[in-house]
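**Q** turn this into a structure:
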Amino acid sequence: MATRDVTYERGLPSNVDAEQLVLGAILLEESSFIVVAGTLEPEDFSVEKHRRIFAAMDALSESGEKIDRVTVANELMRRGYLESVGGLSYLVSLDDGLPQIYNLESYARIVKDKSMLRRIIISSQKLIERCMLDQEDPTAILADAEESLLKMGDVGSRKDLLNPGDIIEQFDGGLNAFLDPSKRIKGISTGYLKMDEMLSGLHPGELLILAARPAMGKTALALNIAQHVATHQDIRKTVAVFSLEMSSEQLLTRMICATARVDQQKFRLGYLNHDERRRLQLAAMDMAEAPLYVDDSAGTNLMDIHSKLRRLKAERGLGLVVVDYLQLMSSRGRSENRTQEVSAMSRGLKLLAKELKVPMLVLSQLSRATETRVGDHIPQLSDLRESGSIEQDADVVMFIYRPEYYKPDREDLRGIAEVIIAKQRSGPIGKVKLAFLREFTRFENLADDLDGGGPPPG
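**A** This next block holds a predicted model:
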């Protein structure tokens, strides 16, 4: 070793021998670069000259040039780094007399592991300094800590590519189970028969957008689904609801009144008869035992949701997440405009759903274009407010449309709502008609659907 940089001198975790073996193996056989390119970056090397050598190799690979002592030396000379890495003599020393290495991935893993340890240490030291200065909100420091550590975790948990044989082998039950429709993974029931038929239920890892104009009932439908998942005897999975618009008391009042079929206005005024009080009491007792958790924190951001969900899943499991609603979420990062912020949050929610393996039902506002459109007011994908990448990130996009809202004189439209499935990656698009009981803020299956389909699946 000629010179060592500050990182190495500080005594941080490193394995210089493994770094030299990796670089030497690439110089000995340039195809070895492909073996480690998906694992290592220049910043993963503890010694500055090793970072510069690997960066030069990376540049040569990108341009399609051969990687050997001469080409790497020439690239380093072009960058003005050849002398700082010890010249051609150091490059020669890396592979001189080195035998062919068959377990190069193991050495690359050692280099990566040491790199992750250094990053954790450096990140922790920065956090300690910020805490000692005592100039910031502790919650902001904590959020940054979670974000930085999560990013490191993403780097360390990259999956290898899988061929069809690997995928089938990993499927529970093997090939026969993979080809058996009855063994395929079924989603969680929404409680609405026709919706379940079209969506095949709510699937882990999916981002489902439920959008509507104000007063269409998007919060009501989301709560009806959440309550069904948390209380139905054949499902009873843990549900997390993040309400950025309503308080937890308001949400609970809605759910209890919807279950008991009690007019919310009568409940607020206290004009209840004995039977209504009894139904409310039974509904409240049922809700008190349900695995449903509500967070009504104002200004919730993606990292807040991430940390709370990770804890909830570790402690009680997780079946469904509801976020009400996307445009009210706050962004901790700096963006040029609100559209970019909302797009970043929708992408983050999709990644979070995939990471936690849970369906995420996210409510969204629609633009006023539906109100001003000539002809009909049926929502379209282009109406998604501050859409950006919402449509792109979502696995399912649904709209609520209540024609009676626009045509109050039509008796035949009263109490009818349409859930329009405008996008679905793995299934059909179309309309689902539901009954909307306005006084109870409750959506229900139409009588014809129940007559032909039996009880909602679990």
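**Q** could you use CA atoms for every contact and neighbour count after this?
**A** Noted.
**Q** residues in contact with the helix or strand where V241 lies?
**A** Assessed by DSSP states H and E, V241 sits inside strand 239-243. The contact list for strand 239-243 (Cα atoms under 8 Å, 6 or more residues apart in numbering) reads 226, 229-230, 291-297, 305, 309, 318-325.
**Q** show only the entries of these found in helices.
**A** Mapping the contacts of strand 239-243 onto helices (DSSP state H) picks out 226, 229-230, 305, 309.
**Q** and stretch 140-158, average pLDDT?
**A** Mean pLDDT, computed over stretch 140-158, is 66.
**Q** please read the previous query as pertaining to stretch 55-73.
**A** Mean per-residue pLDDT for stretch 55-73: 89.
**Q** can you map out the strands along the protein?
**A** 207-212, 239-243, 292-295, 320-324, 360-365, 396-401, 416-424, 430-437, 442-444 (DSSP state E).
**Q** who's in contact with the residue most central in space within the chain?
**A** In the chain, the centroid-proximal residue (Cα atoms, centre = their mean) is L352; its distance is 2.0 Å. With contact taken as Cα under 8 Å, 6+ apart, L352 is in contact with 205, 306.
**Q** from H306, how far out is it?
**A** According to Cα to Cα, to the nearest Å, L352 and H306 sit 7 Å apart.
**Q** cool, and L142?
**A** Taken as Cα to Cα, the span from L142 to H306 is 13 Å.
**Q** so which of the two has more stuff around it?
**A** The neighbour comparison of L142 against H306 (other Cα atoms under 10 Å) goes to H306, with 20 against 15.
**Q** where does pLDDT dip in the stretch 1-150 of the chain?
**A** In the prediction, the stretch 1-150 of the chain carries residues with pLDDT under 70 at positions 1-10, 146-147, 149-150.
**Q** 50 instead?
**A** By pLDDT under 50, the low-scoring segments of the stretch 1-150 of the chain are 1-4.
**Q** that older thread, adjacent strands (with direction) for the strand holding V241?
**A** Paired strands of strand 239-243, with direction, are strand 292-295 (parallel), strand 320-324 (parallel) (DSSP bridges).
**Q** would JSON lines of those with mean neighbour count and mean pLDDT be doable?
**A** Shown next, in JSON lines, are the strands paired with strand 239-243 (neighbours: other Cα atoms under 10 Å; pLDDT from 0 to 100):
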{"stretch": "strand 292-295", "mean neighbour count": "17", "mean pLDDT": "90"}
{"stretch": "strand 320-324", "mean neighbour count": "23", "mean pLDDT": "92"}
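**Q** let me have these in a markdown table, extended by distance to L437.
**A** Listed next are these as a markdown table, based on distance: least, Cα to Cα, whole Å:
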| stretch | distance to L437 |
| --- | --- |
| strand 292-295 | 23 |
| strand 320-324 | 21 |
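**Q** quick one: closest of the ones you listed to P164.
**A** For these, proximity to P164 was assessed by Cα to Cα; strand 320-324 is nearest, at 29.3 Å.
**Q** alpha carbons of that closest one, as CSV, please.
**A** Provided in CSV are the C-alpha atoms of strand 320-324 (Å, rounded to 0.1, in the frame of the first residue of the first chain):
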residue,chain,number,x,y,z
LEU,A,320,-54.6,-3.3,4.4
VAL,A,321,-53.5,0.3,4.5
VAL,A,322,-55.8,3.3,3.7
VAL,A,323,-54.4,6.8,3.1
ASP,A,324,-57.0,9.7,3.1
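**Q** what lies in contact with it?
**A** 219, 222, 226, 229, 237-245, 358-364.
**Q** tilt between that strand and strand 360-365?
**A** 20 degrees (axes from the mean of the first three to the mean of the last three Cα atoms, to 10 degrees).
**Q** so strand 320-324 versus strand 207-212, what angle?
**A** If you take the same axes, to 10 degrees, strand 320-324 sits at 40 degrees to strand 207-212.
**Q** just checking the distance from strand 320-324 to the centre of its chain.
**A** Offset of strand 320-324 from its chain centre (Cα atoms, centre = their mean, to the nearest Å): 12 Å.
**Q** make 243 the starting number, not 1.
**A** In the new count, where the first residue is 243, that last one comes out as strand 562-566.
**Q** still on that earlier bit, looking at the ones in helices among the contacts of strand 481-485, spot the one nearest E583.
**A** I547 (16.0 Å).
**Q** find the nearest non-adjacent residue to the closest one, please.
**A** The shortest distance from I547 to any non-neighbouring residue, by Cα to Cα, 6 or more residues apart in numbering, is to F484 (7.9 Å).
**Q** ok, E613 next?
**A** The shortest distance from E613 to any non-neighbouring residue, by Cα to Cα, 6+ apart, is to H619 (6.0 Å).
**Q** who touches that neighbour in this structure?
**A** H619 is in contact with 612-613, 648, counting by Cα under 8 Å, 6+ apart.
**Q** go through the chain and flag its longest helix.
**A** When the chain is parsed with DSSP H, its longest helix is helix 346-375.
**Q** so for it, what gets flagged as buried?
**A** Under the neighbour-count criterion of 16 or more other Cα atoms under 10 Å, helix 346-375 has 346, 349-358, 360-361, 369 buried.
**Q** now swap in stretch 606-620 and tell me
**A** 606-609, 611-612, 619-620.
**Q** now do that stretch, average pLDDT.
**A** For stretch 606-620, the mean per-residue pLDDT is 76.
**Q** returning to what we had before: counting only helices, which of the buried residues of stretch 606-620 make the cut?
**A** Reading helices off these with DSSP H, I get 611-612.
**Q** mind putting the buried residues of stretch 606-620 in a markdown table, distance to E378 included?
**A** Output for the buried residues of stretch 606-620, formatted as a markdown table (distance: Cα to Cα, whole Å):
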| residue | distance to E378 |
| --- | --- |
| S606 | 32 |
| Q607 | 33 |
| L608 | 36 |
| S609 | 37 |
| A611 | 42 |
| T612 | 43 |
| H619 | 48 |
| I620 | 47 |
